Structures are given as structure tokens and as C-alpha cells.
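A.B. asks: All I have is the shape, not the residue letters:
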């Protein structure tokens, strides 16, 4: 992992997004201290409601705890669900301050409704092939080095779960399967990425397509393989303060934290790639 | 069992809450009707997969109801009439699927019938049979969730039925099986019909256990509720149209059956 590259990327993003006030302290110094995050020009209190993609559950919970440590008197509440469902809830008037989506299509829904302006991409998350921990198919990486293609890894029939095409991870899965000529391969189209992961962990399917970040979250319950087609569809995660945010100051501060070096490092540690 | 009374004569203390009750149940449907995009109903209805999902829903809900009748009526008799020990525990166990979140029910079915499950592993290793992700799995998931509705209705009907008819049959020399077949069953048939309708309706709307245990694949496991949920992810109007189709078909079926089966008597539903 290249710490400096990550920091550079985050710095570039900050410049792009026109964000201010994030400290440059590294994670190592900042953990548990109140030095990180925004320099408190405004008092940040009350309740902050963040709608975030299901795949961000672990990492945003961690960032939320840090944010509450940094701002005593602030309560952070998360609504983790499929990005499409969140976008629907937001356009139906759900009282959210921040929306973090697993792809730009769902963010555009909020944008089209005039509810999100200038979202900033804060992470990327390619797909990986995961199999149960005992690897019942005996999948091995083909020799010769380099990144194998999906067809090389899946050279015989197997039961496979992917996300439904209506949700971001499924839209990406459809693209990579199409690129690999395996569009007819899946046996079930799950409602979200965690449902795919559950079925692989239970050993009820032989293989599944999930995000790199989910592979990190699953630990040793699954074995993961990278494949060349995954570069065809890397989901980009945008975040935005919502125009109807009940607590815009806290919302902006939280977005700043996610885009800061510190927040970016937390995302790297959870397996997300820098945008 | 009393006949439904026609006409008015509803006391005011009943009328007001009853009206509130019907409004509470019907207004969400009105909301759906208002938002239904009537102009492009055609294209959305003929979208690929809608017919498959509807057919699969009706088929699997009906099979689940038949399976429930086969197992549920005898079970209800045991709960209502037998003197076995631990009957109250048995009754509590029957209601477990009612209180269990359906998604948890789906996981539980995996742990028993899945490829790594207690029975499923044996089926897979001995006979190369896998249940999850098949239409069979849809029927099993729906039966698991819906059968308690039938059992509770039929048990209620059995308890309300006059046991003296059965006693008389016995004194006239009928065996217990004959009594059950010729006396008890006809006596509680309205209760069985009501239970079957409840069971069918619940199976038709089943979502959580189905998507967990049977997965979601168009044509084999994607029932209407699953199609509605996924349509909702990208196109609210398509989801509303699908919901209206499911609603129309289920209401039509229930009204038809009600005329045919339940025309004679109103049925207390436990």
C-alpha cells in the first residue's frame, strides 16, 4: 500500500472539491485524538443523519465514531442500505444530511431532483470473485503471473451468486460478466452485496462477485480472486451534502472528514481504492 | 357460527373505529392507485419477466397452500383434539414462523436444507440434489411462512365446533378416522377454507424467506414480490404497476373463492 500516493490522491480530491479546513495529520498521530477533522470555526452539535451504501457499513461506522469523538455533543446516525433504496428515500423526502452512494448513477438521481450538488468521488471499489473458505471447486490461479480473466478462473460450471442488475454492485457485475462472455452464468441475482457474501460464506453457492471492501470485511470466511475484467466496471463512490440537510454544518464537516487524509486512510485500510 | 347480518344498525361506538380501521387499511392502496401511471401501463405490464413472475407466484403459492393443507389440517387436529403431553409447547412451536423475521426463516431453512445443511448435505452427497435456488425452494419457503396461518385458523374452527357431533358418531359405531373424515372435516370445512385463503394470501406476498433461501432468478425463483422489490430500486412506477397486478389478481381470486366456498357462512378466523 502506497501511503504517499493515497495522501496525494486525497489532496488532489480536496483541491477539486474545494474543501477547506481538514488537518494534514496522519492517522497514526490522530487516532483517538481530537486534532483531526475540521478545525472548528463553527460549533458542530445536534444530530447528523448520514445515508450510506451498505458496502460502507463498517468503515463509515468507524469514521462516525471518530467524528463523534471529535465533536462532543454531536450524535451521528447512519442509514445503511442499498444505494438505490437510499436514493429513492432521499427523493421521497427523507430527512438526510449526507448521501454516500456506491455509484454515480444513484447519486445522479438525487442530483436530478436538485437534492445533491457537486458530489465528490471519495473511493473506488472493484469487484472480486469470492469462493467459500474451503474452496470446494479447488479454484487455483492459473500460472504465468499477471491477472487472470474470469473465464480462466471459472473454467467449469459452478453455482454463482451476483447482485441484481438494479443495484450498483449488480450493474458492475453485469458489465464484467458481459465482458467475460459469462452473462448466463449466475444462478441467483441478490438484492444487495452482503446477501451475495452471506451465501458464499454459508457455502450455498460456489462463487460470488463482491466488492474488494467486502472481501476485507469477510476476513478468512472467504477466499478471493482478482480478475482482469473487473477493471471494466469499477464503482466510484460519490458523497454529497444534501441541499435540504437539517444540519448542513455538521454535514459539510463529515464530508470533509471522509475526504481528508485521515478519512481516506481509513477507507484504504478497509480495502477501498483511492479514486 | 352465525350468519352475517345484512343492513345497517351498527352502533356508533363500533361504527367510528370500524370506519377508521377500513380507511387505515384501504388508504395505502388508494395511494398506489393515485400514483399508478395509467398511460404507460401497457409497456410496463408487458416488460420481460412480468408474466413469468406472476405465473411463478400463483403456482408456488398454490402448491404451498396444498402442502400446508396436507400437513396443517392433521396438525391442527392434534393441537385441538388430542391429549398428548406438551401440547401447549407444540402450539407455541407452530407460531415460531409467525414471529421469526422471514429473512431469518430463510437462513434457518439454509441451515437445514441448504447444501451445507443438516439434511441438505446428505441429500446433496447421496442423491446430488440441491434445493436452494430452485422453484422447490420457493414453495418450501412459502410453506414455512404461511402454514401457521392455516393451522391456527383450523385449530380455532375445531375448538369452536361442537364436539358432541363427533361423540354421537362414535356412539353410532364410527371409528376415529371415519369420524374425522365424515363428521369433523365437513363441520370445520369453512374454517379450513378460510385458513387456506389466509395461507395462500400470505404465501403470495412472501418476500424475505424466499429471496434468502430460494434466491432471485427470473423464471425459476423470482416471484412477484421479489420483482416488485427490485423494480423499486430503479423505477418506482414499474414497481407500482407490478404491485397493482399482484393486488388485482389476488383480490379477484379471493373474491371468487369467497363466493364459491364461503358463501354459506361467515367464518371465525382465529
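C.D. replies: Right, received. Where do you want to start? Values in this document were obtained by computation on a predicted structure and should not be read as measured data. Numbering: from 1, shown residues only, chains lettered A, B, ... in the order given.
A.B. asks: Residue A:161 looks like it's in a strand, true?
C.D. replies: Yes - judged by DSSP: H, G, I helix; E, B strand; the rest coil, residue A:161 forms part of a strand.
A.B. asks: I'd say it and residue A:198 touch.
C.D. replies: No - taking Cβ atoms under 8 Å as the definition, residue A:161 is not a contact partner of residue A:198, at 9.1 Å. Every C-beta, even on glycine, is put in place using the N, C-alpha and C of the backbone.
A.B. asks: Bridge partners for the closest residue to chain B within the stretch 51-200 of chain A, pull those for me.
C.D. replies: Chain B sits closest to residue A:188 of the stretch 51-200 of chain A, with a gap of 2.9 Å, by Cβ to the nearest Cβ. Taking DSSP bridges as the rule, residue A:188 bridges to residue A:161.
A.B. asks: cool, and residue A:53?
C.D. replies: Beta-bridge partners, per DSSP bridges, of residue A:53: residue A:81.
A.B. asks: Can you give the strand pairings for the host helix or strand of residue A:208, parallel or anti for each?
C.D. replies: Per DSSP states H and E: residue A:208 is located in strand A:207-211. In the sheet, strand A:207-211 lines up against strand A:127-132 (antiparallel), strand A:160-163 (parallel) (DSSP bridges).
A.B. asks: contacting residues for the closest residue to residue B:129 other than its chain neighbours?
C.D. replies: Spatial nearest neighbour of residue B:129, chain neighbours left out: residue B:123 (4.5 Å); criterion: Cβ to Cβ, 6 or more residues apart in numbering or on different chains. For residue B:123, the contact set (Cβ atoms under 8 Å, 6 or more residues apart in numbering or on different chains) comprises B:113, B:129-131.
A.B. asks: any idea how far residue B:123 is from residue A:104?
C.D. replies: 44 Å (Cβ to Cβ, to the nearest Å).
A.B. asks: What lies in contact with the strand or helix carrying residue B:167?
C.D. replies: Secondary structure assigned from DSSP H and E places residue B:167 in helix B:164-171. With contact meaning Cβ under 8 Å, 6+ apart, helix B:164-171 is reached by B:176, B:178-179, B:182-184, B:187.
A.B. asks: Following it in sequence, what is the next regular element?
C.D. replies: As assigned by DSSP H and E, the chain's next helix or strand after helix B:164-171 is helix B:176-179.
A.B. asks: going on from that next one, what's the next piece of helix or strand?
C.D. replies: Next along from helix B:176-179, by DSSP H and E: helix B:185-204.
A.B. asks: quick one: secondary structure of the residue of chain B found nearest chain A?
C.D. replies: Going by Cβ to the nearest Cβ, chain A is nearest to residue B:215 of chain B, at 2.9 Å. When classified by three-state DSSP, residue B:215 comes out as coil.
A.B. asks: Please apply the same query to residue A:184.
C.D. replies: At residue A:184 the chain is in coil, as set by three-state DSSP.
A.B. asks: Helices along chain B, start to end?
C.D. replies: In chain B, the helices defined using DSSP state H lie at B:12-35, B:41-45, B:50-81, B:87-94, B:96-99, B:102-113, B:120-127, B:135-160, B:164-171, B:176-179, B:185-204, B:208-213, B:224-234, B:236-261.
A.B. asks: cool, chain A as well?
C.D. replies: With DSSP H as the criterion, chain A has helices at A:3-17, A:27-30, A:57-70, A:83-91, A:104-112, A:150-153, A:168-180, A:193-201, A:212-218, A:248-259, A:261-269.
A.B. asks: Which one, of the ones you listed, ends up nearest to residue B:85?
C.D. replies: Counting by Cβ to Cβ, residue B:85 lies closest to helix A:193-201 out of the helices of chain A; the figure is 38.9 Å.
A.B. asks: That closest one versus helix A:57-70: what angle between them?
C.D. replies: 130 degrees (axes from the mean of the first three to the mean of the last three Cα atoms, to 10 degrees).
A.B. asks: So which elements touch helix A:193-201?
C.D. replies: When contacts are defined as 3 or more Cβ pairs under 8 Å, 6 or more residues apart in numbering or on different chains; DSSP states H and E, helix A:193-201 sits against strand A:127-132, strand A:160-163, strand A:188-190, strand A:207-211, helix A:212-218, strand A:222-225.
A.B. asks: Pipe those into CSV and attach mean pLDDT, mean neighbour count and distance to residue B:26 per row.
C.D. replies: Listed next are these as CSV, based on pLDDT from 0 to 100; neighbours: other Cβ atoms under 10 Å in any protein chain shown; distance: least, Cβ to Cβ, whole Å:
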stretch, mean pLDDT, mean neighbour count, distance to residue B:26
strand A:127-132, 93, 24, 45
strand A:160-163, 94, 27, 36
strand A:188-190, 93, 27, 34
strand A:207-211, 93, 29, 42
helix A:212-218, 87, 21, 42
strand A:222-225, 91, 19, 47
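A.B. asks: Rebuild the ones you listed as CSV, extending it with distance to residue A:113.
C.D. replies: Formatted as CSV, the helices and strands packed on helix A:193-201 follow (distance: least, Cβ to Cβ, whole Å):
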stretch, distance to residue A:113
strand A:127-132, 29
strand A:160-163, 24
strand A:188-190, 27
strand A:207-211, 26
helix A:212-218, 27
strand A:222-225, 37
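A.B. asks: coming back round to it: mind listing what's buried along the helix holding residue B:167?
C.D. replies: B:166, B:169 (16 or more other Cβ atoms under 10 Å in any protein chain shown).
A.B. asks: just how off-centre is it within its chain?
C.D. replies: Remark: helix B:164-171 is offset 32 Å from the chain centroid, using Cα atoms, centre = their mean, to the nearest Å.
A.B. asks: For chain B, what lies in contact range of chain A?
C.D. replies: Within reach of chain A by Cβ under 8 Å from any Cβ of the partner chain, chain B has these residues: B:107, B:110, B:114-116, B:130, B:132-133, B:211-212, B:215-218, B:221-222, B:229-234, B:236.
A.B. asks: Please list only the buried members of the residues you listed.
C.D. replies: The buried subset of these - by 16+ other Cβ under 10 Å - is B:107, B:110, B:114-115, B:130, B:132-133, B:211-212, B:215-218, B:221-222, B:229-234.
A.B. asks: Check the burial of residue B:181 by counting its neighbours.
C.D. replies: The number of residues packed near residue B:181 is 12, by other Cβ atoms under 10 Å in any protein chain shown.
A.B. asks: So in chain B, where's the weakest helix or strand by average pLDDT?
C.D. replies: One helix or strand of chain B scores below all others by mean pLDDT, DSSP states H and E: helix B:41-45, with a mean of 78.
A.B. asks: I'd assumed residue B:162 was in contact with residue B:184.
C.D. replies: No - Residue B:184 is beyond contact range of residue B:162, at 10.7 Å (criterion: Cβ under 8 Å).
A.B. asks: Compare neighbour counts for those two and give me the winner.
C.D. replies: Using other Cβ under 10 Å as the criterion, residue B:184 and residue B:162 rank with residue B:184 on top: 22 against 10.
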